[in-house]
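> let me see the structure of the following:
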Amino acid sequence: MPQGKPAGVPCVQLDAEYRCRLFGLPERPAVCVSLRPEPEMCGSSREQALATLACWELSTQPPSPHP
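Got it, this is the predicted structure:
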């Protein structure tokens, strides 16, 4: 996703089981290659991991332009 993606929107490269279709391929984005999941990020369930990622996405999104 060259322009990024909105918070809460799954990556277009995820398959039906949420596995990366680009895993191990040279075209996989550097940000994905450098990601090293740890217990702090993943928690003990998929739900916990998604909640953490949603929080991080919202806290790092660019400010919205003022009209």
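> helices along the protein, start to end?
Along the chain, the stretches classed as helices by DSSP state H are 30-34, 39-42, 46-60.
> phi first, then psi, for the nearest residue to Ala51 once chain neighbours are set aside.
What sits nearest to Ala51 in space, not counting adjacent residues and going by C-beta to C-beta, 6 or more residues apart in numbering, is Gly43, at 7.6 Å. Quick note: C-beta positions are derived from backbone N, CA and C, even for glycine. Main-chain dihedrals, Gly43, degrees, to the nearest 10: phi 60, psi -150.
> wait, Gly43 touches Ala49, no?
Yes: Gly43 lies in contact with Ala49 (C-beta atoms under 8 Å); the separation is 5.6 Å.
> residues in contact with Ala49?
Contacts here follow C-beta atoms under 8 Å, 6 or more residues apart in numbering; on that basis Ala49 touches 37, 41-43.
> from Glu38, how far out is it?
Noted for Ala49: a distance of 11 Å to Glu38, by C-beta to C-beta, to the nearest Å.
> same question for Pro62.
Using C-beta to C-beta, Pro62 is found at 26 Å from Glu38.
> go on, Val31?
Distance of Val31 to Glu38, given as C-beta to C-beta: 16 Å.
> next one: Ser59
Ser59 is 18 Å from Glu38, by C-beta to C-beta.
> where in the chain is pLDDT low?
Low-confidence segments of the chain (pLDDT under 70): 1-2, 7, 67.
> swap the cut-off to 80 and go again
1-8, 61-62, 64-67 (pLDDT under 80).
> go through stretch 4-24 and flag the buried ones.
Across stretch 4-24, burial judged by 16 or more other C-beta atoms under 10 Å covers Gln13.
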